[in-house]
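*Asks:* model this:
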Amino acid sequence: MQIVTNTPPTPEKLLNNRYRILQSIGSGGFGEKFLAEDTQMPSGRRCVIKQLKPSVNRPELYPLIQEQFRREAAILEKLGEKSDRIPRLYAYFEEEEQFYLVQEWIEGETLTTRIQRLGRLSETEVKEILLGLLPLLHRIHKQGLIHRDIKPDNIILRHPMGKPVLIDFGAVKETMGTMLNSQGSPTASILIGTPGFMASEQAVGYPLYSSDLYSLGMTAIYLLTGKTIKEMNIDRETGKILWRENVPDISQSFAEILDKAIQFYPRDRFSKSEEMFAALKTIPSPIPKTEPSLPPSTIFFPKPLQSPKTSHSKFKLFKQFKQLKDWQKATLFGILMGAFLGLGVAIPLKILFQQKSSQASTVDQLSNLPMSFYFIADSAFNDPENAEQKRQSLQEKGYSDAGLFWSPNYSNWSQYKSYKVYGDWFETKSACEKNLPKYREFNPSAYCGFATK
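*Replies:* Alright, predicted model coming up:
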């Protein structure tokens, strides 16, 4: 049987008499990925189809590759059924001597895209991502599998809650790279992994479970610094990556965990994912140096003086002020008077906003968010200045009600200790969900959140 390399499928042709190709979403040495719709599902469910091409044109290898492909597909199906952190496998098939996997389409953005869009992540955000992925790696490793290609491109933050999802296992790629050695036995002919995120033993063809932890550690460092290993300094005597100089405010305990994960020798790393998970759970979440000094339930936010929406009118601002408790009104008055008299009252957030007029003038305004509210979440920052810059950029793009709040001031967000930037806020969940689709055209990662004190 002759193995041929076909041209990519076209929208006019249904793959497996079922799947209509919508667009190409990636390609590599082993084939191409497509976004497709399932014409046999009432919803026209979208899915990702991976077209895989064997790397050698050897008819005698086709039955072996076929058998291995089916085995790997069965493993992917089992893993996807047990975790929402791995795309579910809907189907697999062979057509015109090409191999296809049909997997769940994860709506979200990769960590690479996230960094390019918003800049480096905070320690708290990176820690949460690691804690979300390590139990998954434990489950994968218990199956005797090694992912072998963990990197920012292969981790998607799923909408709407931002849970990390791990994609593109290396085992199927290895199957496509099968060839015969000089003794006539099947062997892997390709190297799976990505330079900069790949451990030394994996680079020479001997991946271990700790190789995945190395890749995860390097991914975490990229998220913290926004830089790859090629962009960082290396100690020329020890070979140690001097990544900490790019994150001077990182906690010592968290840095030590990442340093252990990326040790050159496997014996010096965490040997199991549960060890790294346990180490991360022992360290507290960092508290930014710019934590507000206001009482826990009082914090002021930038809001427009006027809004095209009736729900954000002057009347509503006045009504909200009247609903404040006496001590909250006194606090607000004291802050304003202190600032006016030059008494040096320190407010960590910029509470003055700017609204453009035809004369490019600005108007300053204070307002207070309610005890509970729904909001369109845009992004989060440890640094209040970056959060304020993001808020201002949203206003410049037309989102006049964009604002931010300090997460610990709301009980259900207190664990994050970051400045949450939102595009708009609402009194009801239905109002938020109604406006979310339009906002997602601007920010695909946006979701409706709820904050309560």
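*Asks:* tally of neighbours for residue 31?
*Replies:* 23 (other C-beta atoms under 10 Å). Bear in mind the C-beta positions are built from the backbone N, C-alpha and C, glycine included.
*Asks:* swap that for residue 417, sorry
*Replies:* If we define neighbours as other C-beta under 10 Å, then residue 417 has 20 of them.
*Asks:* what about residue 41, neighbour count?
*Replies:* Neighbours of residue 41 using other C-beta under 10 Å come to 12.
*Asks:* shouldn't residue 220 be in contact with residue 126?
*Replies:* Yes. The pair residue 220 / residue 126 is scored as a contact, 5.1 Å apart, by C-beta atoms under 8 Å.
*Asks:* quick one: which of these two has more around it?
*Replies:* residue 220 (25 against 22).
*Asks:* check contacts around the more buried one.
*Replies:* 126, 129-130, 258, 261 (C-beta atoms under 8 Å, 6 or more residues apart in numbering).
*Asks:* give me the distance between the spatially closest residue to residue 440 that is not a sequence neighbour and residue 409.
*Replies:* Using C-beta to C-beta, 6 or more residues apart in numbering and skipping the chain neighbours, the partner closest in space to residue 440 is residue 446 (5.2 Å). Distance of residue 446 to residue 409, given as C-beta to C-beta, to the nearest Å: 21 Å.
*Asks:* and these two? Which one has more around it.
*Replies:* residue 446 (24 against 19).
*Asks:* isn't there a strand covering residue 215?
*Replies:* No. With DSSP: H, G, I helix; E, B strand; the rest coil as the criterion, residue 215 is helix rather than part of a strand.
*Asks:* now do the contacts for the closest residue to it other than its chain neighbours.
*Replies:* Distance criterion C-beta to C-beta, 6+ apart; nearest residue to residue 215, sequence neighbours excluded, is residue 150 at 3.8 Å. Counting by C-beta under 8 Å, 6+ apart, residue 150 touches 166, 197, 212, 215-216, 219.
*Asks:* what secondary structure does residue 150 sit in?
*Replies:* coil.
*Asks:* mind listing the helices for the stretch 351-453 of the chain?
*Replies:* Secondary structure of the stretch 351-453 of the chain (DSSP state H, counting those that start in this stretch): helices located at 384-396, 429-440.
*Asks:* can you pick out the most distant pair from the contacts of residue 150?
*Replies:* 166 and 197 (13.3 Å; C-beta to C-beta).
*Asks:* can you say which of the helices of the stretch 351-453 of the chain is nearest to residue 89?
*Replies:* helix 429-440 (26.9 Å).
*Asks:* who's in contact with the closest one?
*Replies:* Outside helix 429-440, the residues touching it (C-beta under 8 Å, 6+ apart) are 311, 374-376, 399, 423-426, 446-448, 450.
*Asks:* let's see it at 10 Å
*Replies:* The contact list for helix 429-440 (C-beta atoms under 10 Å, 6 or more residues apart in numbering) reads 107, 159-160, 309, 311, 373-378, 394, 399, 422-426, 428, 446-450.
*Asks:* what about residue 82, how many neighbours?
*Replies:* Neighbours around residue 82, by other C-beta under 10 Å: 11.
*Asks:* ok so, going back, just the buried ones from the contacts of helix 429-440?
*Replies:* 159-160, 373-378, 394, 399, 422-426, 446-449 (16 or more other C-beta atoms under 10 Å).
*Asks:* so where is the stretch 301-450 of the chain shaky, pLDDT-wise?
*Replies:* The stretch 301-450 of the chain contains residues with pLDDT under 70 at 301-368.
*Asks:* now with 80?
*Replies:* Along the stretch 301-450 of the chain, the model assigns pLDDT under 80 to residues 301-370, 383, 412, 414-417, 444-445.
*Asks:* ranges for the strands of it?
*Replies:* 372-381, 403-406, 419-426, 447-452 (DSSP state E, counting those that start in this stretch).
*Asks:* closest to residue 53 out of those strands?
*Replies:* By C-beta to C-beta (comparing all of the strands of the stretch 301-450 of the chain), the closest turns out to be strand 447-452, at 37.0 Å.
*Asks:* quick one, that closest one and strand 372-381 angle?
*Replies:* 120 degrees (axes from the mean of the first three to the mean of the last three C-alpha atoms, to 10 degrees).
*Asks:* begin at 510 from here
*Replies:* I'll keep to 510 as the first residue from here, and by that count the last item is strand 956-961.
*Asks:* partners of strand 956-961 in the sheet?
*Replies:* strand 881-890 (antiparallel) (DSSP bridges).
*Asks:* could I have the partner strand exported to PDB, CA atoms only?
*Replies:* Backbone C-alpha positions of strand 881-890 (Å, rounded to 0.1, in the frame of the first residue of the first chain) are rendered in PDB as follows:
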ATOM      1  CA  SER A 881     -22.800  42.900  45.000                       C
ATOM      2  CA  PHE A 882     -22.700  43.300  41.300                       C
ATOM      3  CA  TYR A 883     -22.100  41.400  38.000                       C
ATOM      4  CA  PHE A 884     -19.300  42.600  35.700                       C
ATOM      5  CA  ILE A 885     -17.700  41.800  32.300                       C
ATOM      6  CA  ALA A 886     -14.200  40.700  33.400                       C
ATOM      7  CA  ASP A 887     -11.400  41.900  31.100                       C
ATOM      8  CA  SER A 888      -8.100  41.300  32.900                       C
ATOM      9  CA  ALA A 889      -6.300  41.400  36.300                       C
ATOM     10  CA  PHE A 890      -3.000  42.900  37.500                       C
END
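*Asks:* does residue 637 touch residue 630 like I think?
*Replies:* Yes. If you go by C-beta atoms under 10 Å, residue 637 and residue 630 touch, sitting 9.4 Å apart.
*Asks:* neighbour count winner among those two?
*Replies:* residue 630 (23 against 19).
*Asks:* if we can go back for a sec, what is in contact with residue 675 and residue 706 at once?
*Replies:* With C-beta under 10 Å, 6+ apart as the test, residue 675 and residue 706 both reach 658-659, 663, 725.
*Asks:* out of the helices of the stretch 860-962 of the chain, nearest to residue 540?
*Replies:* Of those, nearest to residue 540 by C-beta to C-beta is helix 938-949, at 29.9 Å.
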